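Engineer: sharing a model that was predicted from the sequence below.
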Amino acid sequence: MSDERPLLEVRNVSHRYGHRFGCRGVDFDLWPGEVLAVVGESGSGKSTLLGTLSQRLDTSEGSIRYRLDDGDVVNLAELSESAVRGLWRSEWGFVHQNAADGLRMHVSAGGNVGEPLMANGWRHYGRIRAEATDWLERVEIPRDRVDDTPAAFSGGMRQRLQIARNLVVSPRLVFMDEPTSGLDVSVQARLLDLIRSLVSDLELAVIIVTHDLAVARLISHRTLVMKDGRVIESGLTDRVLDDPQAPYTQLLVSSILQG
Ligand SMILES: Nc1ncnc2c1ncn2[C@@H]1O[C@H](COP(=O)(O)OP(=O)(O)OP(=O)(O)O)[C@@H](O)[C@H]1O
C-alpha cells in the first residue's frame, strides 16, 4: 500500500440546506494516521461538514476523493450506496456524541462489539466472543460485563463501548462528533486519554468535531477553525492555538484562557 497520496482529498466542498450553505468551500487533505480537529462555535458548520465528508449529507459542490485500502482513489459522490455501505462495514467508523445513537441498547456489550466482526465474515462464536471480550478490556470495561446491555452502563462506559464497536474491525478512518461532551469532566479526561492511545496504537486517521479547544489540543495534529460555514484558519494544532492568525481564532482562544 502506498502512502504517497492522502487518504482523503477534500476540494471546495459545500453542503446547502435549501438556499443556505451549512458549510462552504472547504479544502483540506487528510493523511493516514492523522488526527484532524474541526472547531468553531455552535452553528459554524462543524456537524454539516462531518455529515458531508461521511456521506450522510450530499455534497452540493466540490469533490471528496478517498483512497481505498487497495490503493484505488474514488470520488465518494460517485460510489454506489452498497459501496458506501461496504466502507462503513470495514474501513470507516463513526463515534456519535450520544452513545445510544451508535449502539444497540438492548443487545449485550459483547454483541455490540461482535456484530461488526460478523458483518466482516467472522463465523466462529468462541472467537468472536473472545475478541469482543478483549476489546471490552481494552476500553476499560470489566470482562464480566460482557453479557450486560449498554442500557445498564454509565455514560462513560457506553461511550467506551461505542468506541470498541467502531474500532474492533480496524477501520482506516473514523469520524467523531463531540465524543466526550456531555460527560463529567473527570470522565472526559479519561476517555480522551483512551481515545488518544487507541488512535496512536492503531494509526487511525480521525476527523473529530469539537467545540472544546482543549480536546483539539490533546488529541489532534491539525485543526480547522470554522465560522459561518467556512474554514477561516487551519494548520498544526499547536500553531493554531498558540499563535492564532485570524481575529476570530484569537477570540476563541482568549475566551478559553479567560475560562
Ligand atoms: N437540517 C438542517 N436544515 C437547515 N439548516 C440546517 C440544518 N442543520 C444545520 N443547519 C444550519 O447550518 C448551519 C451549520 O450548522 P451545524 O449544525 O453544521 O453547526 P455546528 O458547528 O455543528 O453547530 P453545533 O456545535 O451547535 O452542533 C447553521 O446555520 C444551521 O442553522
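Structural biologist: Yes, it's here.

Engineer: what's the neighbour count on residue 201?
Structural biologist: 10 (other Cβ atoms under 10 Å). Any C-beta I mention is one placed from the backbone N, CA and C, and that applies to glycine too.

Engineer: that one looks like it's in a helix, true?
Structural biologist: Yes: assessed by DSSP: H, G, I helix; E, B strand; the rest coil, residue 201 belongs to a helix.

Engineer: separation between it and residue 139?
Structural biologist: 12 Å (Cβ to Cβ, to the nearest Å).

Engineer: could you pull out the strands for the stretch 51-200 of the chain?
Structural biologist: With strands called from DSSP state E, counting those that start in this stretch, the stretch 51-200 of the chain shows them at 61-67, 73-75, 92-95, 173-177.

Engineer: measure residue 119 to residue 243 for me?
Structural biologist: Using Cβ to Cβ, we find residue 119 at a distance of 45 Å from residue 243.

Engineer: and this structure, which of its residues are near the ligand?
Structural biologist: 17, 22, 40, 42-48, 211 (Cβ under 6 Å from any ligand atom).

Engineer: which of those residues count as buried?
Structural biologist: 22, 40, 44-48, 211 (16 or more other Cβ atoms under 10 Å).

Engineer: those: which two are farthest apart?
Structural biologist: 22 and 211 (16.1 Å; Cβ to Cβ).

Engineer: which helices and strands does the lowest-mean-pLDDT helix or strand in the chain pack with?
Structural biologist: Lowest by mean pLDDT, DSSP states H and E among the helices and strands of the chain is helix 247-257, with a mean of 86. Contacts defined by 3 or more Cβ pairs under 8 Å, 6 or more residues apart in numbering; DSSP states H and E place helix 247-257 against helix 213-219, strand 222-227, strand 230-236.

Engineer: dump those to JSON lines, plus mean pLDDT.
Structural biologist: What follows is those, written out as JSON lines (pLDDT from 0 to 100):
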{"stretch": "helix 213-219", "mean pLDDT": "93"}
{"stretch": "strand 222-227", "mean pLDDT": "97"}
{"stretch": "strand 230-236", "mean pLDDT": "97"}
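
Engineer: just these: most buried one?
Structural biologist: strand 222-227 (a mean of 24; mean count of other Cβ atoms under 10 Å).
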